[in-house]
Structure formats: structure tokens, C-alpha cells
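S.K.: quick check, what structure comes out for this input:
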Amino acid sequence: MVELATPKEQTLHALYRDHRSWLENWLRRRMGNAWDAADLSQDTFVRVLASAQPLADLREPRAYLLTVGKRLLSNFYTRRSLEQAYLEALAQLPEESVPSPEQRWLLLETLQALDELLDGLAPVVRRAFLWSQLEGLGYREIAERLNVSERTVKRYMAQAYEHCLLVDA
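M.R.: Reported below is the predicted structural model:
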């Protein structure tokens, strides 16, 4: 027996059929790479499928797809920038200290997750939080680096912790 597609699946299929090549071409022009554009185009439709947005209510489907695609494109470049910075840091290490490919992958995934978690924090709050968590600096040292009071650093840390808890929830 053949199962009939749900209305959401039918609408997504029509959206995909009508707009995939347009979106992929738009991404290709921005990225200069057909393979990455095709991947991001597919990721866009996966996100659309997973979203709570009722697809039948879309009045401007291309605008919606463009918004989702731009977010994914931004994430793509952020991830690429993180990877490049990480590879440059690895190049500075002595040969015997370089992590295995598996460890590199795990570290890159962790960096990406941390970057996504802290997205939305003011740069100074983010910096204070990272110095505290990654370098083990105390509030006094962070205050000296930022040229602010310890009380301000405490406020920054409270903002960062609250942000992390809200994102996690």
C-alpha cells in the first residue's frame, strides 16, 4: 500500500521543486563553489522542513528561503574562519604535540558549538567569559585586561552564564 504524503510534505516538495535551483544559484554566486552551494541549499530545505513555520502560509517563499540560506551561509563562513584559525594555531605547535585527525575534528566541533552557544553576547562579555573559562583568569585579571572594575566583570560573567543557561533551555 502506498502512503500519501502529508500536506506539509506536499508543500515542501512544491517549494523545493520551484525554488531549489534559484536558491542554489544565488548561493553559488555568493560562494563561488557549486558543491558548497548545493550542500547549503539542501541544508536550507532541511531547516525549513524542521521549522515550525507553516509552509502553506508563506506569501514570499523566496524571501523566507533567502533568510534561512543567509543564516546558513553566515554559519558556514564563521565555521570556516574558526577552522582556519585553528589550523594556523596547529601549525605553530611542535610536531609531537599536533593532535590526531580525530582529535582535530572533535576540537573543531567543540569550537563551533562554543561559538554558537556564545553567539549574541556582546564582544566584551564574550571575551571576559572565554578568558575566565579557557585561560582560567580571575575576575581581577580580567578587569585589568579590559580596563574595567571587578564588579563589571562579575556583571559580564552573570550575563554570560545567564545566556548559556537560556540557550541550553
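
S.K.: and the strand or helix carrying residue 145, what's buried?
M.R.: Assessed by DSSP states H and E, residue 145 sits inside helix 139-146. Neighbour-count burial for helix 139-146 flags 139, 142, 143 (criterion: 16 or more other Cβ atoms under 10 Å). Glycine gets a C-beta too; all of them are placed from N, C-alpha and C.

S.K.: show me what contacts residue 112?
M.R.: With contact set as Cβ atoms under 8 Å, 6 or more residues apart in numbering, residue 112 has these partners: 79, 82.

S.K.: my bad, residue 148
M.R.: So residue 148 contacts nothing (Cβ under 8 Å, 6+ apart).

S.K.: how close does residue 37 get to residue 164?
M.R.: 33 Å (Cβ to Cβ, to the nearest Å).

S.K.: mind checking which of the two has more residues around it?
M.R.: residue 37 (21 against 16; other Cβ atoms under 10 Å).

S.K.: was I right about the more buried one contacting residue 24?
M.R.: Yes - at 5.3 Å, residue 37 and residue 24 qualify as touching, with contact defined as Cβ atoms under 8 Å.

S.K.: which other residues reach the helix holding residue 145?
M.R.: Contacts for helix 139-146 (Cβ under 8 Å, 6+ apart): 124, 127, 128, 131, 132, 137, 149, 150, 152, 153, 154, 157.

S.K.: next secondary structure after it?
M.R.: Taking DSSP H and E, what comes next after helix 139-146 is helix 150-168.

S.K.: show me what that following helix is packed up against.
M.R.: helix 101-118, helix 123-135, helix 139-146 (3 or more Cβ pairs under 8 Å, 6 or more residues apart in numbering; DSSP states H and E).

S.K.: and residue 1, what pLDDT?
M.R.: For residue 1, the pLDDT comes out at 50.
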